[in-house]
Structure formats: C-alpha cells, structure tokens
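**Q** Here is my input; please provide its structure:
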Amino acid sequence: MPDLETRRLGRTEIQARALGLGCAWFGSEKSSQKDTIEGVQKAIDLGINYLDTSPHYGDSELRLGPALAGGNREKVFLQTKSGTHPARCGDYSAAAIRWSVENSLKLLKTDYLDSVLIHDPGDIEAPLAPGAALDELLKMKDEGLIGHTGLGVRQHEFHKRAIETGNIDIVLSYLDYTLLSQTVAETTIPLAREHDVGVILASILGMGRLAGPEPSKERDPDAHTMWSWCRTRGVSIRHLAMQFCIQAKINGIVMYGPSNAQQVEEGYHDAVTPVPDELWDEFHAEFGIRPLV
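**A** I've put the predicted structure just below:
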C-alpha cells in the first residue's frame, strides 16, 4: 500500500502528510481518553503528522495532552484554535486570545504550538482590529510560543480579508470542498496559492453526509443520489469523498475527524487507495464533478 504524500503547507514550510488528524470527535462523548491515546498512536504509526484541535471541541485538548506524552509531541505538528473557548466564546480581544492559548498549552502539555487559528469569528474585522486577536497571535509568535497564525472559518470573504493582511499563514476551510460543494475552488484556493498561504480542507465528509450510512432521500436528496450511485457500483462513498479531496492540487492538506483507532485506520486506507480513473470518468459523466487538478 502506498504511503501518504508529504506536502508543503504554504509559506510555513511545514512538511505535513496529505491527511491530517482533526481531533474534534476525540473530545466528544463518542470517544474517551483511551480512544484518544490509541487513535493518536495509530495515526503516528501510520505516518500522520498534523493534528488539529480547539478549546471548542469538548475534552479534545484535555485528552490530547496525555496522548502526546512519551515523545509523541515531537512527532507531530500541533494546531489549536482561539476565540471559541466556552468560557470566553466570541471574545477576540488580546487578553482573551492570550488566556485561551495559554490554557491550551497547559492542557496539551506543551510549551509550543506549531499554529494557532482564529476560530469562527462572526465578524472578521473584530479579530483583525489593531491590538486584537491577530496582533496578539503575532506577539506570541515573536515570543516563540506559536509558530504560525491562521484562520479557521467557513466564509470565503473572511478568508480573503485575512489573507490580504499578509499576516495569515494558514486558512482552514470546511464543507466547501466536498463531493457536494466545491465553491472554495473558485475563491480561497486560488487566492491562497497566489499569496503562498497554506490551505486545510476540513469536514470533507460533509458533516457525515458522505461518511457511508444511507442519507435521507427526503432531507438530503443530493447526497442520497450519490450514495445510491456508489452502492450500485460496489464503491464506498466515503472512499470516493476522501479521494476527491486528497487528489485536489492544493497548497496544503486534507483533515479527517475520527473518534477511535479503527476510524483512523479506515481514513488512512481511504486516503492511500486511489480511485480508478475510469470510475472518476463515470462519476464526472453523471454528476459533472472530478478532483481539482
């Protein structure tokens, strides 16, 4: 079985494997401390070396700290987010951002974060205002607490505004590069390439719509049509969804969110097992969609 491709994450010069580990589900009731330790270890054993978390993801940071003990921290690039901690959610002031990052450092049991993203602001001007979130992250970068700054949000116009500041190294986009929606291919992806900003594609399974179980024909007809098409050909829609994103020629990586070691391994297998060209030709003929190249 082939290995995961190593990619340069924009001007950060981070050499990350094409598939990163999104750790939101590790913080949920669907996971546990044991699941998190085993899942992170499995990911590292498979060569996955980019981990993403957030104070917003339940117990994710708390559980990741022990999972990164014993030398594992040194084997990965570690990213968290700021601005959505439940205790100060939506507060993008300098004080709140520093408090959040310092709290993350304690929970993750590390003295350095490879990147910190401004997370889901409702108004992009608030975190970019003088003396607010971005300026504070840049101070922490100068202090050696974090390596790179970024933005994790869905709105493409927010990506544009942040990229054009010249001070954002990474943009995380979610839900807009999947089998169901590719709008970010016309906006953020080319702009990030122009500015050499790293891109992370997240929620590639459409928040579960492309994860494998049959979608509702009534509530989700588009996903159901694709699921049925895959089923008649003996193809896993999850595999197709993963390969669609992995094959995209972007300045960065794809993020997958498991809750245990088995799901880590399943995602890895989907990421390193190509879909035959003829199947993509059939899919394109039916739905007008093929990977961005």
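
**Q** Walking through the stretch 1-150 of the chain, point out its strands one by one.
**A** In the stretch 1-150 of the chain, the strands defined using DSSP state E, counting those that start in this stretch lie at 6-8, 15-17, 19-22, 50-52, 77-82, 113-119, 146-152.

**Q** tally of neighbours for P66?
**A** Counted with other CB atoms under 10 Å, the burial measure for P66 works out to 15 neighbours. In short, each C-beta sits where N, CA and C put it, glycine included.

**Q** can you list the strands of the stretch 1-150 of the chain in TSV and add distance to N260, mean neighbour count and mean pLDDT?
**A** Below are the strands of the stretch 1-150 of the chain laid out as TSV (distance: least, CB to CB, whole Å; neighbours: other CB atoms under 10 Å; pLDDT from 0 to 100):
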stretch	distance to N260	mean neighbour count	mean pLDDT
strand 6-8	25	16	96
strand 15-17	20	20	97
strand 19-22	12	28	98
strand 50-52	15	27	98
strand 77-82	20	27	98
strand 113-119	24	25	98
strand 146-152	24	25	98
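
**Q** hey, C-alpha coordinates of stretch 238-247 in CSV?
**A** Taking Å, rounded to 0.1, in the frame of the first residue of the first chain, the C-alpha atoms of stretch 238-247 are listed here in CSV:
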residue,chain,number,x,y,z
ARG,A,238,-16.6,7.6,2.0
HIS,A,239,-13.6,6.4,-0.1
LEU,A,240,-14.7,8.4,-3.1
ALA,A,241,-15.2,11.5,-0.9
MET,A,242,-11.8,11.1,0.7
GLN,A,243,-10.0,10.6,-2.7
PHE,A,244,-11.8,13.6,-4.2
CYS,A,245,-10.2,15.8,-1.6
ILE,A,246,-6.8,14.1,-1.4
GLN,A,247,-6.3,14.4,-5.1
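
**Q** So for it, mean pLDDT?
**A** The average of the pLDDT scores along stretch 238-247 is 96.

**Q** how about the strands of the stretch 1-150 of the chain, which one is nearest Q262?
**A** Of all the strands of the stretch 1-150 of the chain, strand 19-22 sits nearest to Q262, with 13.9 Å by CB to CB.

**Q** gap between that closest one and the chain center?
**A** Offset of strand 19-22 from its chain centre (CA atoms, centre = their mean, to the nearest Å): 6 Å.

**Q** Note down every partner strand of it and its orientation.
**A** Strand pairing for strand 19-22, using DSSP bridges, gives strand 50-52 (parallel), strand 252-256 (parallel).

**Q** just the CA coordinates of the longest one, formatted as CSV?
**A** In CSV, the C-alpha atoms belonging to strand 252-256 read as follows (Å, rounded to 0.1, in the frame of the first residue of the first chain):
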residue,chain,number,x,y,z
GLY,A,252,-1.9,22.2,1.8
ILE,A,253,-3.6,19.2,3.3
VAL,A,254,-6.9,17.4,4.0
MET,A,255,-8.3,17.0,7.5
TYR,A,256,-10.2,13.9,8.7
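
**Q** which residues touch it?
**A** Residues outside strand 252-256 that contact it (CB atoms under 8 Å, 6 or more residues apart in numbering): 7, 9-10, 16-22, 50, 52, 170, 172, 192, 198-205, 242, 245-246, 248, 267, 271.

**Q** Give the residue spans of the protein that score low on pLDDT.
**A** 1 (pLDDT under 70).

**Q** mind listing the helices in it by residue range?
**A** Secondary structure of the chain (DSSP state H): helices located at 33-45, 60-67, 94-108, 125-128, 133-142, 156-163, 188-195, 221-232, 237-246, 261-272, 277-287.

**Q** now for the second one, which elements pack on it?
**A** So that's helix 60-67. Where contact means 3 or more CB pairs under 8 Å, 6 or more residues apart in numbering; DSSP states H and E, helix 60-67 is packed against helix 33-45, helix 94-108.

**Q** which strands and helices sit next to the last one?
**A** Packed against helix 94-108, as judged by 3+ CB pairs under 8 Å, 6+ apart, are the following elements: helix 60-67, strand 77-82, strand 113-119, helix 133-142.
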